[in-house]
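Peer 1: need the 3D shape of this:
(4 chains)
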2 protein chains.
Amino acid sequence: MQTLQQISGEPVDPAMIVDVGRIARLPDNFPRLWSTVEQLYKLLKIELDETIVNDAYRFQHIKSRTGSRIYSAGDRCDAIFIVYAGFLKTSWVDKYGNEKILEFPMKGDVVGFDGIDLKQFRNTLVALSDIELIVVPVDFFHSNSSHAYGFRRRIMELMSNALVAGQKIEYMMGTLPAEARVAKFLLSISQKFRAMGFSDKSFHLRMTREDIGSYLGLTLETVSRTLSGFSRCGLIRVDQKFIEIVDSDGLKMLRRLPSLKR
Amino acid sequence: MQTLQQISGEPVDPAMIVDVGRIARLPDNFPRLWSTVEQLYKLLKIELDETIVNDAYRFQHIKSRTGSRIYSAGDRCDAIFIVYAGFLKTSWVDKYGNEKILEFPMKGDVVGFDGIDLKQFRNTLVALSDIELIVVPVDFFHSNSSHAYGFRRRIMELMSNALVAGQKIEYMMGTLPAEARVAKFLLSISQKFRAMGFSDKSFHLRMTREDIGSYLGLTLETVSRTLSGFSRCGLIRVDQKFIEIVDSDGLKMLRRLPSLKR
DNA sequence: CGCAGACTTGACAACCCTCAATTATTGTGG
DNA sequence: CCACAATAATTGAGGGTTGTCAAGTCTGCG
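Peer 2: You can find the predicted model right below:
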């Protein structure tokens, strides 16, 4: 039987595997698990205090299949989401239908900041694997109750951080050549995998070349060519979506070097 | 005598002009004015209630001269700022010294979101004209007192909005040709001037071509050439930093058209 | 008046996009 | 289980947009 662990490659708390396996047979979007405030605080690395540990509030989880759309621009935003397992992409579609990939959220990332302003989502959230999300109602962190204080503060920190991260992407798209962008992309993916306890040397990308290109401001052909170039130089190995980083120092060098000829 | 109004081109509440004029002779960074919570709420368009109107809390103002640096990366972040008058730029400098212009804050804009995460600013804030800022201590909006509730909520909305705005810049830098970027830039500046009650047809840019180029991911030469091209086509008139928009519909068209030949 | 900084304009080359063909992979139905 | 279609990825050729380098003009300021 296929469990969520096998589907997404996520390490799951042993105590939960049985549950995850059992509930995998239930229909999509059926609530399966509920997290405590304490679990939420731990996932987001927020300092705990005693009142939090005993809080009775519970957060609903939702599960969804590869390729499913969690929300689209214009959808009402009552809640934001924390990725519990799996891989996703967020994108923005302009009025002519052009899509721009914005982020690739993974475990522990918070998704939905784009909906807070107008109480409507502005972007689109799509699952790149089978996923599990924790639902945090907007009312929860606007409330004055004590359990929301640390969470709210952390959310503001994460928004601030997301803002700065976006500014780095702007810089990258404005000034760096294609090779430096792809190298930075690989290194940042690698680092996220390490942070989640996976190998940072070999992994497989869940997104297509087109998604990567859109994210980096390049065409899919340029992404493909650049990866092939890296492979030819012995920096990485590539086999379709599987990537092995051979020389991470070499990739780091690339970020500021003028160019790399074959 | 030169008042702040003349320096920055800002409309100032008549009751304040005398004060502004008088204090202009005081040394830089000397606190001159204090805003009430009510004034702050009005500036940020937050809904008022009675407890706010009578709140005794006061926000300090700071004034600074053209070219002065308000904060730099690494500076401790105890407060964020609301632009009361004048024009500024924010930028991010990477470890090799390359600067990327991020925003051009104007009256009513909130500056300093980049410092909330680590309690240290990550960017640099520089005055493009003589300016006046309202200082809002971070502790103010983290507090549980009633006057902070609406403000905090609004700040989260503004951060959400800033995040989405940054994503649109990413899209622009990744896909649009130089002409479309410059056209969008002019239109957005024009709109901000209109929102402040100034002419949206003719204005003068406070930033250099290099700043614009950095903001849009172009070189200063490309910006200059593109502006000259617009001028040749009768879309705008250009005289150094003075811009007159002749055909704003023409500029709007440019945003999705393939190219514009001379 | 002279200087420094900002802006304009030109020539050329490089990088990357567009178009196109081929191969690999995944999913579907007989 | 295999054939077939659809999607994804690779690779090549050619051209266009924009960056680089360079020279010259304009503006403001001491």
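Peer 1: name the SS class of A:Ala56, please.
Peer 2: Following DSSP: H, G, I helix; E, B strand; the rest coil, the label given to A:Ala56 is coil.
Peer 1: how much space separates it from A:Gly150?
Peer 2: Per Cβ to Cβ, to the nearest Å, A:Ala56 is found 17 Å from A:Gly150. (Each C-beta comes from the backbone N, C-alpha and C, glycine too.)
Peer 1: those two: which is more packed in?
Peer 2: Higher neighbour count among A:Ala56 and A:Gly150: A:Gly150, with 19 against 7, using other Cβ atoms under 10 Å in any protein chain shown.
Peer 1: and what about the more buried one, helix, strand or coil?
Peer 2: Following three-state DSSP, we place A:Gly150 in the helix state.
Peer 1: which residues sit against stretch A:146-159?
Peer 2: A:37, A:40-41, A:44-47, A:49, A:51-52, A:55, A:57, A:80, A:110, A:113, A:136, A:140-142, B:113, B:116-117, B:142, B:144, B:152, B:155-156, B:159-160, B:163 (Cβ atoms under 8 Å, 6 or more residues apart in numbering or on different chains).
Peer 1: name the nearest residue to A:Lys168, ignoring sequence neighbours.
Peer 2: Spatial nearest neighbour of A:Lys168, chain neighbours left out: B:Trp92 (7.4 Å); criterion: Cβ to Cβ, 6 or more residues apart in numbering or on different chains.
Peer 1: can you list contacts of the helix or strand where that neighbour lies?
Peer 2: If you go by DSSP states H and E, B:Trp92 is part of strand B:88-93. Residues from elsewhere that reach strand B:88-93 (Cβ under 8 Å, 6+ apart): A:164, A:167-168, A:171, B:70, B:73, B:99-106, B:111, B:114, B:122-128, B:131, B:207, B:211, B:214.
Peer 1: could you rerun that using 6 Å?
Peer 2: A:167, B:99-105, B:123-128 (Cβ atoms under 6 Å, 6 or more residues apart in numbering or on different chains).
Peer 1: can you list those in TSV and add distance to A:Glu244?
Peer 2: Below are these laid out as TSV (distance: Cβ to Cβ, whole Å):
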residue	distance to A:Glu244
A:Gln167	31
B:Glu99	36
B:Lys100	32
B:Ile101	38
B:Leu102	35
B:Glu103	39
B:Phe104	44
B:Pro105	45
B:Asn123	36
B:Thr124	39
B:Leu125	43
B:Val126	44
B:Ala127	49
B:Leu128	48
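Peer 1: just checking, which of those belong to helices?
Peer 2: A:Gln167 (DSSP state H).
Peer 1: closest to B:Thr226 among the contacts of strand B:88-93?
Peer 2: Proximity of the contacts of strand B:88-93 to B:Thr226 (Cβ to Cβ) peaks at B:Ile101, which lies at 16.7 Å.
Peer 1: bridging residues for the closest one?
Peer 2: B:Ser91 (DSSP bridges).
Peer 1: distance of the residue nearest the centre of chain A from DNA strand C?
Peer 2: Nearest to the mean C-alpha position of chain A, counting by Cα atoms, centre = their mean, stands A:Pro105 at 0.9 Å. To DNA strand C, A:Pro105 is 21 Å away according to Cβ to the nearest atom of the strand, to the nearest Å.
Peer 1: can you tell me how far that residue is from A:Lys63?
Peer 2: Taking Cβ to Cβ, one finds A:Pro105 at 15 Å from A:Lys63.
Peer 1: tell me the residues of the stretch 51-200 of chain A that contact chain B?
Peer 2: For the stretch 51-200 of chain A, the contact set with chain B under Cβ under 6 Å from any Cβ of the partner chain comprises A:92, A:96, A:100, A:102, A:113-114, A:116-117, A:122, A:156-157, A:159-164, A:166-167, A:169-171, A:173-174.
Peer 1: ok, A:Phe59 - contacts?
Peer 2: Contacts for A:Phe59 (Cβ under 6 Å, 6+ apart) come out as A:35, A:134, A:136.
Peer 1: bridge partners for it, pull those for me.
Peer 2: Per DSSP bridges, the residues bridged to A:Phe59 are A:Ser35.
Peer 1: could I get the pLDDT score of it?
Peer 2: At A:Phe59, the model reports a pLDDT of 94.
Peer 1: what does A:Gln240 give?
Peer 2: 90.
Peer 1: again, but for the one 5 residues further on
Peer 2: According to the prediction, A:Ile245 has pLDDT 97.
Peer 1: roughly how far does A:Arg69 sit from A:Phe121?
Peer 2: For A:Arg69, the distance to A:Phe121 equals 11 Å [Cβ to Cβ].
Peer 1: also A:Arg58?
Peer 2: Note on A:Arg58: its distance to A:Phe121, by Cβ to Cβ, is 24 Å.
Peer 1: ok, those two, which is more surrounded?
Peer 2: A:Phe121 (23 against 13).
Peer 1: what's the closest non-adjacent residue to that one?
Peer 2: Leaving aside its chain neighbours, A:Phe121 sits nearest to A:Gly115 (4.1 Å; criterion: Cβ to Cβ, 6+ apart).
Peer 1: around that neighbour, how many other residues sit close by?
Peer 2: 24.
Peer 1: swap in the one 4 residues further on?
Peer 2: One way to gauge burial is a neighbour count; for A:Lys119, by other Cβ under 10 Å, it gives 12.
Peer 1: what does A:Ile189 give?
Peer 2: Around A:Ile189 there are 20 residues (other Cβ under 10 Å).
Peer 1: now do the helix or strand it falls within: everything it contacts.
Peer 2: Counting by DSSP H and E, the element that carries A:Ile189 is helix A:178-195. The contact list for helix A:178-195 (Cβ under 6 Å, 6+ apart) reads A:106, A:172, A:200, A:203, A:216, A:218, A:222, A:226, A:245, A:251, A:254-255, A:260.
Peer 1: farthest pair within the residues you listed?
Peer 2: Largest separation among the contacts of helix A:178-195 by Cβ to Cβ: A:Met106 and A:Leu260, giving 28.5 Å.
Peer 1: tell me which of these two has more neighbours.
Peer 2: Per other Cβ under 10 Å, whichever of A:Met106 and A:Leu260 has more neighbours is A:Met106, with 23 against 18.
Peer 1: give me the number of residues near the residue nearest to A:Thr51 when sequence neighbours are not counted?
Peer 2: Counting by Cβ to Cβ, 6+ apart, A:Thr51 lies nearest to A:Ser146, which is 5.4 Å off, once chain neighbours are set aside. Around A:Ser146 there are 12 other residues, counting by other Cβ under 10 Å.
Peer 1: domain parsing of chain A, as residue ranges.
Peer 2: Annotated domains of chain A cover A:4-172, A:176-254 [automatic domain parsing].
Peer 1: having no further points to raise, I will conclude here.
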